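J.: Okay, sequence plus prediction incoming.
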Amino acid sequence: MKYNIVYLTLGGGKFLGQLLTVGLDNLAKEYFDLYDKNHVPWMEREDMFYYNENIGIYTSNGYTFSEIADLENLIFINTTDEESINRIEKRNQCVSTSMKNPRIRDIRLKYHNECHGFLRHNNINFFDFDYGDFWNRDKFLQSMTKFGKHFNIDFKTEVLLYAQKKWIYSNIQKMNKNKKN
């Protein structure tokens, strides 16, 4: 089975791909220890992770709405609420991508959110994951439980909490380092 994650740049797509990899391959929580490597640029470190070969991870801006709608087992990380938008903006100020440019970020955010609306309006079958849930322990566990039930994957709570803690701490470290510079 192929799983297809669609996300906004720095919107948790790689992290969800890592979580899915751990669930599919039954990997130990230490898989997430790569998040301790804060000296490595964020995007470079994300590529150091092993991802299950049945997982596709795509940024929404590289595809048409129809191409996204046609993906099997679509997982769309939405950024439609104010908290998600604020967190995306903060993350993009710290990590060097084209999304550091506010105009590009605004256009891609609008495109991503319109794509989400298109999927919902056209009753496309997809798993709708709220980006903001990555940042809240209880919401994160609830979302991952729903995600696991939807795809019949047994996620271990201990591993999920370990992963979330590592990911959030790494984000905080990156943001604090950026404030000092």
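T.: Looks like it came in fine. Numbering: from 1, shown residues only.
J.: Would you mark the buried spots in stretch 107-125?
T.: 108-109, 112-113, 115-116, 119, 124 (16 or more other C-beta atoms under 10 Å). All C-beta atoms are positioned from the backbone trio N, CA, C, and that covers glycine.
J.: hmm, who's touching it?
T.: Under the contact criterion C-beta atoms under 8 Å, 6 or more residues apart in numbering, stretch 107-125 has outside partners 6-9, 11, 60-61, 65, 68-69, 74, 76, 78-80, 85, 88, 99, 126, 128.
J.: swap in stretch 167-177?
T.: Under C-beta under 8 Å, 6+ apart, the answer for stretch 167-177 is 15, 32, 35-36, 38, 42, 90-91, 94-95, 134-135.
J.: Residue 77: which element?
T.: If you go by DSSP states H and E, residue 77 is part of strand 74-78.
J.: buried residues in stretch 123-141?
T.: 124, 126-135, 140-141.
J.: Among those residues, which lie within helices?
T.: Per DSSP state H, helices hold the following members of the buried residues of stretch 123-141: 140-141.
J.: Can I get the buried part of the contacts of stretch 167-177 as one ChimeraX selection?
T.: Applied in ChimeraX, the following selects the buried portion of these according to 16+ other C-beta under 10 Å:
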select :15,32,35,38,42,91,94,95,134,135
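J.: export the contacts of stretch 167-177 to TSV and tack on pLDDT, distance to residue 103 and secondary structure?
T.: Shown next, in TSV, are those (pLDDT from 0 to 100; distance: C-beta to C-beta, whole Å; DSSP: H, G, I helix; E, B strand; the rest coil):
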residue	pLDDT	distance to residue 103	secondary structure
15	97	26	helix
32	96	34	helix
35	90	30	helix
36	90	34	helix
38	78	29	coil
42	74	21	helix
90	78	17	helix
91	75	17	helix
94	68	18	helix
95	66	17	coil
134	96	25	helix
135	94	26	helix
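J.: No more questions from me, cheers.
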